[in-house]
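Asker: Next comes the sequence, and after it the predicted model I'd like to discuss.
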Amino acid sequence: MMLKIGDGVNPRPKKINWNLFFFLFPAIALIIVFFFIPVFLTFLMSFTNMSTSTGLTGFKVIGFKNYLQILKSQWTLKILKNTLLYVFTTLSLFNVGTALFLAIFSTHISENAGKFVRTLWLLPRITPSVVYATLWTWFTAEAPYGVLTQFLSPFGVTSKNLLYTYPWIFIILINGFVGASFGMLIFTSAIKNIPPDYIMAAQVDGASTLQIIRKVILPMIRWPILFVTTYQTLSLLTSFEYILLTTDGGPGFYTTEVWALYAYHNALSNYYGNTLFGFGAALSVFLVILGIIFSIIYLKVFNFKALISEPKIEV
Amino acid sequence: MRILLENLSKHFGKVKAVDSLNLEIKEGEFLVLLGPSGCGKTTTLLLIAGLYKPTFGNIYFGDKIVDHLSPKDRGIGMVFQSYALYPHMNVFDNIAFPLTLMKKPRNEIEKAVREIAKFVQLDEELLERRPGQLSGGQQQRVALARALVKGPSILLLDEPLSNLDAKLRLIMRAEIKHLQKQLGITTILVTHDQVEAMTMGDRIALMHNGKIQQLGTPDELYNQPINLFTAGFIGSPPMNIFNSKIGRDEEGYYILIEESFKVRFPEELFQKLKEENLFLGIRPEHVTISLQASNNLIPGRVYITEPLGRETLLNIQVGNILLKSIVPQTLKVSSGDKIWINFDVNYCHFFDKNGERIKI
Amino acid sequence: MENYGFKGPIPIILLIIICLPIILLYGWLIISSFATRMEGLKPYGWTLNNWRFLLEKPTFFWQTEEETPNIWVYTFNTLIYSFGITIFTIFICTTAGYAISRLNFRGRRSLLALTIILHSFPSITLLVGIFVVLLFLGLYNRLFGVILVRVSLQLPFGIWIMKGFFDSISWDVEMASLVDGCSRLKTWYKIMLPLVRPGILALSVFTFLSGWGDFLFPYIFIPSKTSQTLSVYLRSLTADVRFVDYGLVTAVGLYYMIPIILLYIFAQKYLLNIYTGGTKG
């Protein structure tokens, strides 16, 4: 007997699925209120002159003026350069470089020592940022207080405050010591998943340690490396907390000011007390767009189909 | 409880996992859904359990349509292939879980759990253990007890024996059958193992591609396979099935097997076989062997012997083809020996070119 | 894994050298909090005086006593803040994670895609927008408002993690509980939640720690002193570089780190799991 569509389909009473409501409403509501609406607002505000002095109601729509101002500002280029310096130096030296070094070497010493090293490097990440920043401001303080000056004085380093003398070196170190642990953990688990046969085979073939790293380990963890690199690029581009807590963009005018910090300063905290929500929003829009682009790339890189399987219960 | 499946269909996208199934399971019957993996037997079971919703068609328990009822309201007990015991509860709480959900008083639960544990022969001392500390057979008993404790009117078993080792499987097979007869509970068992199906079921529904190929007693499925699929699926070692052609020469009618050798049958058979092309099937135990040449016997050669203990499975080369025969172990032959075989017409099955049985 | 070892002392020496700054940093924190005065790593005499903030409010000559709440108010606020974030996060992530992993509904795929996109989205760029939303909802300068913000920003990560844990539970178990008499809601509560306990613990520890150490959100969105958290308080102690009392700062810092150190020691297994399982930088 042939069945047409609709034949024998059981008419189920249409009702609100309260289960689904219970499970999904809180998450969806919060995501709308604190992701979607803020993204939308950021775009809208970037076309206004909203600021502390105009309040949330007295502002005017000024079109692309904020964007024009960003293009014309004498600081834009400097801040762009700072941002690139900050992101790529920290990324290559620490978030990927040191992370790889730690992962490779901590998996090739005794298990316990390796675990100790990795645990130690996790410490900066879970330390409250304020405490961590304090540790570094003291570490780099002038003689006789700072440890680093004490260590380095025999090598002819002057007893000045090192953070303010060499701000970039320390901004990178401060962020790098936090940033390295993420890649370290990802790489470690990737390296541990390499079948030991490969390395033993290379050893039997007479490869040296460096050759094993270059020809066996690195090629086999290239996907985790790519993942960490792209992921951390985005993280670094938008992070400014540790800079805010140490140099706050100084010393002097915008020496270590990066884009995200610049947006924050303009929108929410500046020296003049009149914060420019509209202008800050325009600055943020660049980062938001970058964020959206990167996020969509992740969606493509993650094998999305493999992540979702059909539910096996239809109750 | 009688179960009736009426035009039951379940589609997953374009795949018709269950395709217009009509099946009645009688009160107190032990029905086995048998088939290769992907045939739709488990989907059918999950539809009956209410875990899947049918795309078309209806399910009746008794005279009542149960399509809208959630699994918990269907009065079923179910045992899963992995037993699906709750790892965070001890055995007692596992068995008591259905009763706890019904908010039964504590002492009643206590009594019911101990009774059912005894019924499925589960040691009292195991009740305090976690499922992870039990052997496979013990977990199986717990799963049975949990399925039966609330006194369901239908018992569903999804490959319950496939995770047990061979010896335990024999024991549980008999035990489950015994429990079912004692309780008289309508039971549906899903399995891919034909021996399990033959030994346990009152009736077997053999499924393939979402449809029932044949529904009948184990005896009917074995001796009167309705089509080539059933013929090939039931029986181990499987039936010999040959592509055949009817012909006639000066000696009379014959059947040419695989373009290779001729078999002659009595004249009246050929009046019933209308088409020229057909399939001939014969089970290995019905291929008779002779060590001496004789009229009408077909000469062959032993290709290899497979001793099975009680009997021996012979692979015999006849012309270009290999066929199987089961002979008593007392018959001593070895590879390369010349032998003669015979097909007993009473045990030959004939199928038309569409694979349907030709009634003789 | 077999230790198929690189030979020689060079790796170990290199490892020690790059680990040294961390050891020095935290070593100083501990020593300094009990020292009268420090020069480099060298303490000049020991004292518990730095810890007097536990009993009395440290006041400075430019402040009057009434202006600042004592340490217990800040601690209480921080506890409310981080527990609040943890509880909301766990509730919402276990519900939504379960739904995405297990329930059959339209838009399930899109919701998962959205979760992945938001997971890597730099929410910090939304500060201005969130600020306006909070003002509009009347939640600016309220601990509850910031808690909601932080929970929302934590959600994509948490949902992702919990989905993974739910995914790993066998369907048979859930089917069994439905046959045994559970509704979907009851199954979630009675069977699934106990089975994803390791995930809940890991996410709790992670969320609690990140909430406890949080600075930027309370700093920006809660200007009022009475609702401030320890991080903002500690920041105020170091704000004017000329008058920083490092003894006091390190003692408060160490005090602030106590729960972190405890969780770090006792819940490390969970933490490491979540850092490698999830992927939030």
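Answerer: All right, it came through fine.

Asker: Close to chain B: what parts of the stretch 51-200 of chain C are there?
Answerer: For the stretch 51-200 of chain C, the contact set with chain B under CB under 8 Å from any CB of the partner chain comprises C:170, C:172-173, C:175-183, C:186, C:191, C:194-195, C:197. Where you see a C-beta, it was placed from the backbone N, CA and C, and this is true even at glycine.

Asker: can you count the residues close to residue 60?
Answerer: Defaulting to chain A. 12 (other CB atoms under 10 Å in any protein chain shown).

Asker: That was the other one, I meant chain B.
Answerer: 16.

Asker: Determine the next helix or strand in the C-terminal direction from the helix or strand hosting it.
Answerer: Using DSSP states H and E, B:Tyr60 maps to strand B:56-61. Counting by DSSP H and E, the element after strand B:56-61 in chain order, helix or strand, is strand B:64-65.

Asker: residues near the closest residue to C:Leu193 other than its chain neighbours, how many?
Answerer: Spatial nearest neighbour of C:Leu193, excluding adjacent residues (CB to CB, 6 or more residues apart in numbering or on different chains): C:Thr94 at 6.4 Å. Neighbour count of C:Thr94, defined by other CB under 10 Å: 24.

Asker: quick one: C:Thr94 from B:Leu323, how far?
Answerer: Using CB to CB, to the nearest Å, C:Thr94 is found at 61 Å from B:Leu323.

Asker: again with B:Gln214
Answerer: 24 Å.

Asker: And for B:Arg173?
Answerer: Counting by CB to CB - B:Arg173 and B:Leu323 are separated by 31 Å.

Asker: which of the two has more neighbours?
Answerer: Remark: of B:Arg173 and B:Leu323, B:Leu323 carries more neighbours, 21 against 18, as counted by other CB under 10 Å.

Asker: What's opposite that one in the beta bridge?
Answerer: B:Ile316 (DSSP bridges).

Asker: so it touches B:Ile241, yeah?
Answerer: No: assessed by CB atoms under 8 Å, B:Leu323 is found out of contact with B:Ile241, at 9.7 Å.

Asker: show me what contacts the residue most central in space within chain C?
Answerer: Among the residues of chain C, the one closest to the centroid is C:Ser210, at 1.3 Å (CA atoms, centre = their mean). C:Ser210 makes contacts with C:Ile85, C:Gln154, as judged by CB atoms under 8 Å, 6 or more residues apart in numbering or on different chains.

Asker: who in the stretch 1-150 of chain B is up against chain A?
Answerer: B:7, B:9, B:12, B:20, B:50-58, B:65, B:67-68, B:70-71.

Asker: Kindly recompute the last result at 6 Å.
Answerer: Within the stretch 1-150 of chain B, the positions adjacent to chain A are B:Asn7, B:Leu51, B:Tyr52, B:Lys53, B:Phe56, B:Gly57, B:Asp67, B:Ser70 by CB under 6 Å from any CB of the partner chain.

Asker: how close does the last one sit to C:Tyr219?
Answerer: Shown here: B:Ser70 relative to C:Tyr219, a distance of 50 Å by CB to CB.

Asker: So those two - more neighbours on which side?
Answerer: Relative neighbour count places C:Tyr219 above the other of B:Ser70 and C:Tyr219, with 23 against 16, counting by other CB under 10 Å.

Asker: Now that one: closest residue in space that isn't a chain neighbour?
Answerer: That would be C:Val232: by CB to CB, 6+ apart, it lies 5.2 Å from C:Tyr219.

Asker: so the one you found, which of the three states?
Answerer: helix (DSSP: H, G, I helix; E, B strand; the rest coil).

Asker: quick one: which helix or strand includes residue 262?
Answerer: No chain specified, so I'll use chain A. helix A:259-268.

Asker: Hmm, no, I was thinking of chain C.
Answerer: Here C:Leu262 is assigned to helix C:246-266, by DSSP H and E.

Asker: quick one: low-confidence parts of chain A?
Answerer: Applying pLDDT under 70 to chain A flags the ranges A:1-16, A:143-144, A:153, A:156-159, A:270-273, A:301-308, A:315.

Asker: quick one, domains of it?
Answerer: A:39-72+A:270-303, A:78-258 (automatic domain parsing).

Asker: Save those as JSON lines, and put in distance to B:Glu250 too.
Answerer: Shown next, in JSON lines, are the domains of chain A (distance: least, CB to CB, whole Å):
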{"stretch": "domain A:39-72+A:270-303", "distance to B:Glu250": "70"}
{"stretch": "domain A:78-258", "distance to B:Glu250": "70"}
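
Asker: Out of those, which gets nearest to chain B?
Answerer: Nearest of the domains of chain A to chain B, taken as CB to the nearest CB: domain A:39-72+A:270-303 at 20.2 Å.

Asker: does any bit of the closest one sit next to chain C?
Answerer: Yes: applying CB under 6 Å from any CB, one finds domain A:39-72+A:270-303 touching chain C at A:41-42, A:277, A:280-281, A:284, A:287-288, A:291, A:295, A:298-299, A:302.

Asker: Could you do stretch B:176-191 as well?
Answerer: No: judged by CB under 6 Å from any CB, stretch B:176-191 makes no contact with chain C; its nearest approach is 13.0 Å.

Asker: Can you say which of the residues of the stretch 51-200 of chain C next to chain B are buried?
Answerer: C:172-173, C:175-183, C:186, C:191, C:195 (16 or more other CB atoms under 10 Å in any protein chain shown).

Asker: Reformat those as a markdown table; add pLDDT.
Answerer: As requested, these are exported to a markdown table (pLDDT from 0 to 100):
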| residue | pLDDT |
| --- | --- |
| C:Asp172 | 92 |
| C:Val173 | 93 |
| C:Met175 | 93 |
| C:Ala176 | 94 |
| C:Ser177 | 94 |
| C:Leu178 | 92 |
| C:Val179 | 93 |
| C:Asp180 | 92 |
| C:Gly181 | 90 |
| C:Cys182 | 90 |
| C:Ser183 | 88 |
| C:Lys186 | 91 |
| C:Ile191 | 93 |
| C:Leu195 | 92 |
